[in-house]
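> okay, here's the prediction I keep looking at, along with the sequence it came from:
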Amino acid sequence: MKNAIIYFFLVLLLAACKTSQKDATQKETSSVENSNSHLAYEVLIKEPGFLRWKEKQPQISAYKVDFLKEKNATYISNFNKRVNNSEYSNKLYPSKINYNKNQDYSKEVHYNLYNYFIYFQEKYKQHL
């Protein structure tokens, strides 16, 4: 009986180790570069679950670039206001986002930003 209990805990420990290794190696990254200009802009999102979530969202063609720009400007402004506000967690709002609403980013960059902010709000129950 004692050996069975030890064996059970050993199997449980091995299963836990395999799960944490799998989680550590499955970091998701979404990356888009702006190819419309000589400057390259990249949206790098390292958020578990984001890519799977994004696959279920409307395609880029469903949006007008002006809509995406307007929404992103609002979301980023609100996000940046929360960075130094002690009422909000610095784990959710670690640093400001450097974004110039007059800059000519590609539609793909705007699309990825927009989708991330929607995901962020849903996942963390935030309202930007």
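Structure received.
> alpha carbons only for contacts and neighbour counts from here, please
OK.
> need the strands for this protein, in chain order.
Here the chain has its strands, by DSSP state E, at 30-33, 42-45.
> least reliable of these going by mean pLDDT?
Ranked by mean pLDDT, the strands of the chain bottom out at strand 30-33, with a mean of 51.
> ok, and for stretch 47-66, which residues are buried?
50, 51, 54, 65 (16 or more other Cα atoms under 10 Å).
> ends of that stretch, what's the gap?
26 Å (Cα to Cα, to the nearest Å).
> which regions of the chain sit below the pLDDT cut-off?
Along the chain, the model assigns pLDDT under 70 to residues 1-39.
> what are the ranges of the helices in it?
2-25, 50-55, 65-83, 107-124 (DSSP state H).
> re earlier: got TSV for the buried residues of stretch 47-66, with distance to residue 116 too?
Compiled in TSV, those are given as follows (distance: Cα to Cα, whole Å):
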residue	distance to residue 116
50	7
51	10
54	8
65	16
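> between those, which is nearest residue 112?
residue 54 (8.9 Å; Cα to Cα).
> which residue sits closest to that closest one in space, ignoring its chain neighbours?
Spatial nearest neighbour of residue 54, chain neighbours left out: residue 115 (6.9 Å); criterion: Cα to Cα, 6 or more residues apart in numbering.
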